[in-house]
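>>> give the three-dimensional model of this entry:
(chains A, B, C and D)
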Amino acid sequence: MKTETVAMILAGGQGSRLGKLTKQIAKPAVPFGGNYRIIDFALSNCANSGISDVGVVTQYQPLVLNRHVGNGSSWGLNRHNGGATILQPYSSVEGEKFFKGTAHAVFQNIAFIEEKNPDYVVILSGDHIYKMDYEKMLDYHKARAASLTVGVMPVPWDEASRFGVMNTDRTDRIIEFQEKPDKPKSNLASMGIYIFNWPRLKQYLEDNQSKNRQMEDFGHHVIPAYLRNSEAIYAYSFEGYWKDVGTIESLWSANMEFLEPNHELNIRNTDWRIYSNNPNTTPQFFTKTAKIKDSMITDGCYIAGEIDHSIISNNVKVGKGSVIKDSFVMPNAVIGENVRIDKAIIGEGAHIYDGAEVVGTESEIAVIGYQEEVGGYSDEV
Amino acid sequence: MKTETVAMILAGGQGSRLGKLTKQIAKPAVPFGGNYRIIDFALSNCANSGISDVGVVTQYQPLVLNRHVGNGSSWGLNRHNGGATILQPYSSVEGEKFFKGTAHAVFQNIAFIEEKNPDYVVILSGDHIYKMDYEKMLDYHKARAASLTVGVMPVPWDEASRFGVMNTDRTDRIIEFQEKPDKPKSNLASMGIYIFNWPRLKQYLEDNQSKNRQMEDFGHHVIPAYLRNSEAIYAYSFEGYWKDVGTIESLWSANMEFLEPNHELNIRNTDWRIYSNNPNTTPQFFTKTAKIKDSMITDGCYIAGEIDHSIISNNVKVGKGSVIKDSFVMPNAVIGENVRIDKAIIGEGAHIYDGAEVVGTESEIAVIGYQEEVGGYSDEV
Amino acid sequence: MKYKIASILNLVEYEDKLKPLTNRRPVASLPFACRYRLIDFPFSSLYNAQAVSAALFISGSGHSLYDHIRSGSSWGLDSVAGGGVFTHSQVLLKSEANQDYKTGPYYYDDHYKYVSKAKADYVVIMGSSILSNVQLESVLNYHMDKECDVTVVYKKVKRSELRDDTIYTSLRVNGNEEELVEGIDWVASQPDPESVLALNMRMMVINKKLFLDYLFTAREKTQDISVDNLIQYTLDFDNQVSGFEYTGYLKVIEDIKSYYEANMDMLNEDNFNSLFYKSDPVRTRSKNSGPTYYGEDAVVENSQFANDCEIFGSVKNSLFFRKVQLAKGSHVEDSIIMQDAYIEEDVYLKHVILDKHVYVQRGARLEGTAEEPIVVAKDSVVDAEGNIVEG
Amino acid sequence: MKYKIASILNLVEYEDKLKPLTNRRPVASLPFACRYRLIDFPFSSLYNAQAVSAALFISGSGHSLYDHIRSGSSWGLDSVAGGGVFTHSQVLLKSEANQDYKTGPYYYDDHYKYVSKAKADYVVIMGSSILSNVQLESVLNYHMDKECDVTVVYKKVKRSELRDDTIYTSLRVNGNEEELVEGIDWVASQPDPESVLALNMRMMVINKKLFLDYLFTAREKTQDISVDNLIQYTLDFDNQVSGFEYTGYLKVIEDIKSYYEANMDMLNEDNFNSLFYKSDPVRTRSKNSGPTYYGEDAVVENSQFANDCEIFGSVKNSLFFRKVQLAKGSHVEDSIIMQDAYIEEDVYLKHVILDKHVYVQRGARLEGTAEEPIVVAKDSVVDAEGNIVEG
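From the prediction side, this is the model:
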């Protein structure tokens, strides 16, 4: 069965700027917003856009990510021959292959894409928080008869030099690309979202490989090569909430924004659901001593303390007398009694013992790692 | 949830002795017996033995294998928190990791096994044809309070030097291990099936890794180390059909044996089913010109020719006037008209054009590779 | 999700003349062509058009149907993203409410809730007794091109190909290129058996809003929610109905003879290819199985088999379902042998339908005719004298 | 597959006193404790003992039950290796056969076929109306240790904890260590409300062969296949019945009051932990959901919530199911609020049960009592004056 569009989610990065949060798990598997993981947004966008063939390219600590994604059934991707497929490094008669860059990761998985024989390949990042209809971008791509369409969004001019910036003509055709320019000529930043005509991209990847030319990264190699050859590259402007959660501060502030009742993401909108792999767990239990205000709580939580302007993820226990403020607590964390947590991210399965304090500031958020322990009489502290 | 037993199927090998049959696919994914792939036997044995947590360790051309195995639902493994998990090379903060040997592959996946927290780990090969109740072997292992139990089977003395041979005392305790010895002291050959007490094996793997000692292969390193330390190693004798299909000749003859109506494997026995991932396809269609004798045909086939003592796999077309004898035709092959095939293996999706001949002998079976074309006016020939 | 459709399967179908095959199963779960059940055909049409949900309206015991459908995953109907198979038994409600189901409280509600909740622009309505493989995607494209409110699928058939004593509905299709339907006629037996009618296949695409509008009228008048009524309703209110002509294989399964013929038709390659055309594959619930073994003396001619059989005898112009054993010296011709039959040595069967799990003892002979094949009910034993003992 | 068991769920349960909650659902699909339905408890017992299949005997419309169970995958009941959920509707057969279901042709056959085909050594029989979380694995180990033919689960309860006018069955358990059951008694209201009885929880393990033997007797005498009858039968033939004492949380759900109390009991941590004890988790069909948001002025005290709610008002001693919206200034106390309720500003609810999808208008007040909570039926509207308008 022929597939029109295959999506490739590049989820291989370590996300080293997330520090101890990504020591044991890949960045796209980092929890977000109570009962999501970052990759849920890209996967749900695919499902909602009618794309059910999704390759998830991964190579860094993939265990949690793989178990989370499975065959994609949690996002409704496992239908009509579609589904999510985890793509990891492998060896062949030509030797062992780790992925050296975004484009190289796609090159290594040509066989996977060719099986589906698609017209278009959508390249996505696994680490952005946003809702986007890729079908509309595809319609745009088709209407322009583009060879490549790049998702862009306007950023404040003074921030543009932090991004890959697209310079377009009046028809939205991209005429120049500047990677983190000192003097940006445009404020249209690349979102790392590309729609390629697959046969053409395949040709570029294979030709350059056979000629030993470097074609490892979309931003550094593929787009410049496309520009040199005057391929029809168009910019597709996205307007809406979009956030790269690649640092501790951005992950924290994205969660704080997520708390806002009128947040632009509109997470409760059932027309564009964000799906996840929900755990089997109990209801949220608030004891007589619980206090709560402007917060999100998730199934499986047991709350005996006070929660103020925070997100508490699945299966977290918060003991009596503890106060959690302006913080994001990841799943399965155990917070003892009389603990004080403020402006912090508490990692998955972390254990904060009675009386401990985890306090950060807006400019330096406190972070407790995956299964880390704080306070108490544990030998490991 | 604690799991008593985890099985690790080592399916990473290239199987280079299978030549062009394994150029694009891993050996465990090679078709067998009409509508099976070799790994179906190990997976079905797990399911029938009540082991539903199965890691399938793979690194060579895993695409077909991964799609075949999926989450293990085809074998009923996806229940009660169990399931099949494909384990491929990955990178971590310590760097990139390809698997260097059988034991090293397990070492690299300690995190996977530890999540299940099992008492026992069953190590299996993904490329043997047999039916075996691992639960009985586990009962034996427990009854002996063994640290390691090795599955062995008696082989003719004159063939023993081709195997890893286990020397046992009267209590079946293994006292010596000879890898392909010139003068075997025993005819009990290792089947490459091990049951380890997991905490102990983990300790061996981690200690030796930290000391930079080689501990890459079960036969070469782990068993000798266990013997040196006088660990309780027992031999569990298996009696029944068992075949390593690692060469063209053994793959062919295993298929020919499979044809025998009273074959020891007893494939139709519903008490110990061999499951597979069955394709969605049409019934077997025999035209007026079809002739068939002592053969196995599978759903999706269209037979207008003559089939004699052969196995024809899913979705194969055989044209009028063609004669197939003593052969194994893999799925999706297309055989034109007036073709002669004798003592051959025809690869998956191969195309044999009208009038072509593919004829081997018992000592040199003819082989057509994966999607190879023979005869006709194809440009590729 | 190119097409956003809700689908309704009307499976309250005429089954009396199909007994004993329909004793314990609805028409929708009749076994067909070695591997299938009739419901597989509409379900596969839905699958190939990437539908994600379906509402089934059934009568009688749904057991065999539930057992076949399970979660609907074989047809992509189990997606968490709006997917599902929703089954509503009419007889059940009838017995509960102690009144006719049409005036029962839930019939219209069930339709309304399903369709209004579905993320759909169109509603597809189908049945299972008119065997065909319609490319629903083409119908939907056609429907959108025409910008009509309703598109009905029809096939031109000779009146003589259908049962004499059944009344069918045919479409009055405007002859010019517009293919508009101008009316719907009830067609009983006709003097000229060669006359051609545009047989209403009771498969339609209707705009969601119009369908929901109809529900109110239907409730008021306690009308069936059927393709016939919907066409009439649409025409009455001067909305446009277009006709989509289907030209592939079709058979109305309404009695043993038509059921038998449909199966036998599959032995003709043209019919087989028309119904199982590879770009629109027919999907069924996959079962674990192994190859079929044909013994040293087996003879098979112009026949079809499912996996897991063991064939030692001779077979001509017949269809065998899974797990049939045919012993040496036995001969089966012009017959349909369903799952789990065990046929001993020296048996002769011609023009016979064996329902599931029939045991035929050594030496038995059964011979029907093409017009009236002998039907052996499920679980029966045919003894050496050819007597049928029901199980 | 440590234990090879077949499982039968008798879901033809007493539902009259639970109306209107049971108007369109059986007892087995009553919502419970924010996230569950009663069927989840026996299903989870089966899951935790690694059962792979179950046969359900239901009455009435199975729609809500089917919708919840789907393929059974949430409880590991969809394995290709012998797995499955097999549903048999009794009322349906009754109406078809026009006779009492017990003497109908399929009741015993359905039991027989399911159990004889299952790869099982033991048959487990359960219901859903006696709410508990029994570790079936322990019962099976106990059963094997005792080498009895039958093991029945019971709990010691005071007669006063049960309904006065219901007749329960209790077990006469041999006091010494053997825990053998010597008889079964029918216990109506007793003069001494403090008297303790060994309440028969109608959950049993029985050896497969004995169960199949019983089926013949039952068919002959047109007896129900119930735990009570099986105990009596076993004792009559001098086979041994052992009793397994359950000491965890238990509630017989048989009227609105007991249903209400069971939910309220969950607000007590001991009860909650007893029923949802983590090593034997209770599984339910997982639905996609997001966190619940609690607003700036929200107050929640001793209460439980499911995901996807939006809480701006105050809540005390209450249970909220998914997707409930509670506006600012409203107060809910001692109440059960099921899925999709929409509660406007300045509402006051106390001792109230809102079934699914109820809309409570601004300013409404409803107050029941702990003995007689007010039940608002599904889809109703409660207007500003507190009048309940059924939907």
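
>>> give me the pLDDT for C:Gln99.
Per-residue pLDDT puts C:Gln99 at 43.

>>> how about C:Pro193?
Confidence at C:Pro193, expressed as pLDDT, is 78.

>>> show the contacting residues for it.
For C:Pro193, the contact set (C-beta atoms under 8 Å, 6 or more residues apart in numbering or on different chains) comprises C:158-160. Any C-beta I mention is one placed from the backbone N, CA and C, and that applies to glycine too.

>>> neighbour-wise, which of the residues you listed leads?
Greatest neighbour count in the contacts of C:Pro193, by other C-beta atoms under 10 Å in any protein chain shown, goes to C:Arg159: 21 neighbours.

>>> was I right to think that one contacts C:Pro191?
No. If you go by C-beta atoms under 8 Å, C:Arg159 and C:Pro191 don't touch, sitting 9.5 Å apart.

>>> now stretch A:86-100: buried residues?
A:86-92, A:97-99 (16 or more other C-beta atoms under 10 Å in any protein chain shown).

>>> ok, so of those residues, who is nearest chain B?
Proximity of these to chain B (C-beta to the nearest C-beta) peaks at A:Gln88, which lies at 3.6 Å.

>>> give me the nearest residue to that closest one, chain neighbours excluded.
Nearest residue to A:Gln88, sequence neighbours excluded (C-beta to C-beta, 6 or more residues apart in numbering or on different chains): B:Gln88, at 3.6 Å.

>>> how about the contacts made by the nearest residue to A:Pro154 once chain neighbours are set aside?
Closest residue in space to A:Pro154, ignoring its immediate chain neighbours: A:Asn187 at 5.3 Å, by C-beta to C-beta, 6+ apart. Applying C-beta under 8 Å, 6+ apart, we find A:Asn187 in contact with A:154-157, A:160, A:165.

>>> for chain D, see how far away A:Asn187 is.
33 Å (C-beta to the nearest C-beta, to the nearest Å).

>>> report the secondary structure state of A:Asn45.
helix (DSSP: H, G, I helix; E, B strand; the rest coil).

>>> okay, now it: neighbour count?
Neighbour count of A:Asn45, defined by other C-beta under 10 Å: 25.

>>> up against chain A, what does chain C have?
Within chain C, the positions adjacent to chain A are C:1-2, C:47, C:50, C:52, C:73, C:76-83, C:119 by C-beta under 8 Å from any C-beta of the partner chain.

>>> report the buried members of these.
Among those, the ones that count as buried by 16+ other C-beta under 10 Å are C:1, C:47, C:50, C:52, C:73, C:76-83.

>>> buried subset of the contacts of A:Asn187?
Among the contacts of A:Asn187, the ones that count as buried by 16+ other C-beta under 10 Å are A:155, A:160, A:165.

>>> now, which of those residues sits nearest C:Glu182?
Within the buried ones among the contacts of A:Asn187, the smallest distance to C:Glu182 is 59.7 Å, found for A:Val155 (C-beta to C-beta).

>>> from A:Phe32, how far off is the residue nearest to the closest one when sequence neighbours are not counted?
Spatial nearest neighbour of A:Val155, chain neighbours left out: A:Ala189 (4.6 Å); criterion: C-beta to C-beta, 6+ apart. Distance from A:Ala189 to A:Phe32, counting by C-beta to C-beta, to the nearest Å: 22 Å.

>>> then C:Arg362?
Taken as C-beta to C-beta, the span from C:Arg362 to A:Phe32 is 70 Å.

>>> repeat for C:Ser226
49 Å.

>>> do the same with A:Glu114
33 Å.

>>> what does A:Met132 give?
16 Å.

>>> which pLDDT value goes with C:Glu96?
43.

>>> got it, and C:Val358?
Per-residue pLDDT puts C:Val358 at 97.

>>> do the same with A:Asn208
83.

>>> name the helix or strand for it, please.
Following DSSP states H and E, one finds A:Asn208 within helix A:198-210.

>>> CA atoms only for that helix, dumped as CSV, please.
Listed in CSV are the C-alpha atoms of helix A:198-210, where the atom choice follows Å, rounded to 0.1, in the frame of the first residue of the first chain:
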residue,chain,number,x,y,z
TRP,A,198,11.0,12.4,-1.0
PRO,A,199,12.4,11.2,-4.4
ARG,A,200,14.4,14.5,-4.6
LEU,A,201,15.7,14.4,-1.1
LYS,A,202,16.7,10.7,-1.5
GLN,A,203,18.6,11.6,-4.6
TYR,A,204,20.5,14.4,-2.7
LEU,A,205,21.4,12.1,0.1
GLU,A,206,22.5,9.2,-2.0
ASP,A,207,24.4,11.2,-4.6
ASN,A,208,26.3,13.1,-2.0
GLN,A,209,27.0,10.0,0.0
SER,A,210,28.4,8.3,-3.1
